[in-house]
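K.L.:
structural data only, the sequence is not supplied:
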């Protein structure tokens, strides 16, 4: 039909039709899809309910949103991009130990404010608040169980406890774990996740670098294998001591591992850093890591290593 011509309107059984190629009644129905027929929220106040917290998780890498249940079933790895979410000792023990059965060791060792340290708040108060919030004893938890039927002692850090900081308790638990492994002839594994030394304990914290290194030397002299797993982030005194002393040193994908952060290094050397600097893939390429292990394959990989160590 010529668009310049006036549309012809016919009266048929009380319905108007414009012979212009479109049915106006259909257009009216379509437009109603986008209009609110009744204004306001109709649910009464007494019937409104808040969505419970902890049901959903958002990936910090790709912003993909899924339920916490689905994320847990996927070993806390993003189903969309494969990003490894930060998890604590409870989740790692669940992934590693057969039937999630293990015995926690040295749970009675807790931090003390030996220096009366105060920054924004007293160290004692900070500890009390962290105990109440996290329900864990310190920034590291030690467990003894079986992985694929093989005995293993695992010391796993919790970043939620003051940034997984290395303090006197962490050093003491690692030292006692080394003694325990020597006495029981059991391999040792540390899962590293730390921002560095705990400044509230000053020199007591720094002493743990030498202390843990010495204990790991005793472990090596006794012929007991030691596996170090570096997760995101592994930094500071942790990297400067026991994280890099393993017979096997491995890392999770895309984990940030180093001593000082990339920003600090860039400002110090006044140069741009290479792509992927301090990520586990970069460190693997430059010989700092033996291999990178996906969290879904972690239990099988550690089980295979334990069998090799026994042979």
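P.N.:
It's in. Small disclaimer: the values here were computed from a predicted structure and weren't measured.

K.L.:
element containing residue 306?
P.N.:
Assessed by DSSP states H and E, residue 306 sits inside helix 298-310.

K.L.:
chain center to that helix: distance?
P.N.:
Taking Cα atoms, centre = their mean, to the nearest Å, the mean C-alpha location of helix 298-310 is offset from the chain mean by 22 Å.

K.L.:
before we move on, what about stretch 80-90?
P.N.:
With Cα atoms, centre = their mean, you get 4 Å for stretch 80-90.

K.L.:
same check on stretch 302-311?
P.N.:
Distance, centroid of stretch 302-311 to centroid of chain: 26 Å (Cα atoms, centre = their mean).

K.L.:
from the contact counts, what lies against the helix holding residue 306?
P.N.:
helix 89-96, strand 140-147, strand 150-157, strand 226-234 (3 or more Cβ pairs under 8 Å, 6 or more residues apart in numbering; DSSP states H and E). All C-beta atoms are positioned from the backbone trio N, CA, C, and that covers glycine.

K.L.:
helices or strands up against the second one?
P.N.:
Contact analysis of strand 140-147 by 3+ Cβ pairs under 8 Å, 6+ apart lists helix 89-96, strand 102-105, strand 150-157, helix 168-184, helix 298-310 as its packing neighbours.

K.L.:
give the buried residues for the top helix by length along the chain.
P.N.:
If you go by DSSP state H, the chain has its longest helix at helix 202-221. For helix 202-221, burial by neighbour count (16 or more other Cβ atoms under 10 Å) applies to 204-206, 208-209, 211-212, 215-216, 219.

K.L.:
which of these sit farthest apart?
P.N.:
Spatially, the most separated pair among those is 204 and 219, at 22.6 Å (Cβ to Cβ).

K.L.:
let me see the contact set for the most centrally placed residue in the chain.
P.N.:
The residue lying closest to the centre of the chain (Cα atoms, centre = their mean) is residue 86, at 0.6 Å. Applying Cβ atoms under 8 Å, 6 or more residues apart in numbering to residue 86 gives the contacts 159, 193, 231-232.

K.L.:
would you turn those into TSV with distance to residue 149?
P.N.:
Below are the contacts of residue 86 laid out as TSV (distance: Cβ to Cβ, whole Å):
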residue	distance to residue 149
159	30
193	27
231	25
232	29
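
K.L.:
out of the residues you listed, who's the most crowded?
P.N.:
residue 193 (30 neighbours; other Cβ atoms under 10 Å).

K.L.:
need the per-residue pLDDT for that residue.
P.N.:
Looking at residue 193, its pLDDT stands at 97.

K.L.:
now do the one 4 residues further on
P.N.:
Per-residue confidence for residue 197 comes out at a pLDDT of 93.

K.L.:
check residue 55 too.
P.N.:
Here the pLDDT value assigned to residue 55 is 87.

K.L.:
do I have it right that it meets residue 66?
P.N.:
No - counting by Cβ atoms under 8 Å, residue 55 stays clear of residue 66, with 10.2 Å between them.

K.L.:
tell me which of the helices and strands packed on strand 140-147 sits nearest to residue 270.
P.N.:
strand 150-157 (33.0 Å).

K.L.:
which parts of that closest one are buried?
P.N.:
By 16+ other Cβ under 10 Å, the buried positions in strand 150-157 come out as 150, 152-157.

K.L.:
ok, so of the residues you listed, who is nearest residue 128?
P.N.:
Comparing these against residue 128 with Cβ to Cβ places residue 157 closest, at 20.4 Å.

K.L.:
tell me who's in contact with that closest one.
P.N.:
With contact taken as Cβ under 8 Å, 6+ apart, residue 157 is in contact with 89, 139-140, 164, 170, 190-194, 238.

K.L.:
can we see that at 6 Å?
P.N.:
139-140, 164, 193-194 (Cβ atoms under 6 Å, 6 or more residues apart in numbering).

K.L.:
so how far is residue 137 from it?
P.N.:
As judged by Cβ to Cβ, to the nearest Å, residue 157 and residue 137 stand 12 Å apart.

K.L.:
with residue 231 instead?
P.N.:
Using Cβ to Cβ, residue 231 is found at 20 Å from residue 137.

K.L.:
can you check residue 261 too?
P.N.:
28 Å.

K.L.:
more neighbours: those two, which one.
P.N.:
Set residue 261 next to residue 137 and count neighbours by other Cβ under 10 Å: residue 137 wins out with 20 against 16.

K.L.:
mind giving me the domain ranges of the chain?
P.N.:
Domain ranges of the chain: 52-85, 87-310, per automatic domain parsing.
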